[in-house]
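> no sequence for this one, just the structure:
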């Protein structure tokens, strides 16, 4: 479990297919350069732009992880390229303060950036959310965008608007985000349980 408070950014150093198959959904091996690698060991969980992955190997200059076909199907990791910056967060410690919200690292869908504009000293980010995710997003609620815990500041149809403060912009991959980029989205897990319960009650009548 994570909080959506990014600890560091890393840079994708290398992407390899795990096997020799040329299928689109072949598993990938990522090598990510980051000083955070010195604090990781094999078997650790880590959030990579909102995707929970398992560390295979780690050293002082970075770490490697396998991305399964199931994960590739629902995240931006399929289209990531070498040199791309990613957000990194280690799991929440039981004795730590929760500054963001509960983030599982289980991406629900890929959204698309429709705007990233200066707004005074801050930035205004708008993202189109897939229709099936719409009921799980509420105004003033929480949403994880590329692993960043953000507050929904505006909600118009299936378009979410969030305010990005300077610190978040400077210390996450959003500093290199552009209109049209895909982003990993994870809705608040509490909303998912409520929606599931309501659907269950309705279907059992």
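Right, received. Where do you want to start? Note that the structure is a prediction, hence the values are computed from the model and not measured.

> rest of the way, CA atoms for contacts and neighbours
Fine.

> phi, psi of residue 28?
Main-chain dihedrals, residue 28, degrees, to the nearest 10: phi -120, psi 150.

> surely it is in contact with residue 17?
Yes: when contacts are counted by Cα atoms under 8 Å, residue 28 is listed as touching residue 17 (4.5 Å).

> which one's more surrounded, those two?
Neighbours were counted for residue 28 and for residue 17 using other Cα atoms under 10 Å; residue 28 has more, 20 against 17.

> so what's the more buried one bridging to?
Beta bridges link residue 28 to residue 17, residue 67 when assigned by DSSP bridges.

> for it, what are its contacts?
Contacts for residue 28 were tallied using Cα atoms under 8 Å, 6 or more residues apart in numbering; they are 15, 16, 17, 18, 66, 67, 68.

> any idea which of these has the most stuff around it?
Going by other Cα under 10 Å, residue 67 tops the contacts of residue 28 with 22 neighbours.

> so where's this structure uncertain?
The model of the chain has pLDDT under 70 over residues 20-24, 201-202, 204-205.

> in it, which spans are helices?
69-74, 166-170, 189-203 (DSSP state H).

> okay, those in JSON lines with distance to residue 159 and mean neighbour count next?
What follows is the helices of the chain, written out as JSON lines (distance: least, Cα to Cα, whole Å; neighbours: other Cα atoms under 10 Å):
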{"stretch": "helix 69-74", "distance to residue 159": "19", "mean neighbour count": "16"}
{"stretch": "helix 166-170", "distance to residue 159": "20", "mean neighbour count": "13"}
{"stretch": "helix 189-203", "distance to residue 159": "18", "mean neighbour count": "12"}
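
> quick one: those as TSV, columns for distance to residue 116 too.
Output for those, formatted as TSV (distance: least, Cα to Cα, whole Å):
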stretch	distance to residue 116
helix 69-74	23
helix 166-170	11
helix 189-203	26
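
> residue 117: which of these is closest?
helix 166-170 (11.6 Å; Cα to Cα).
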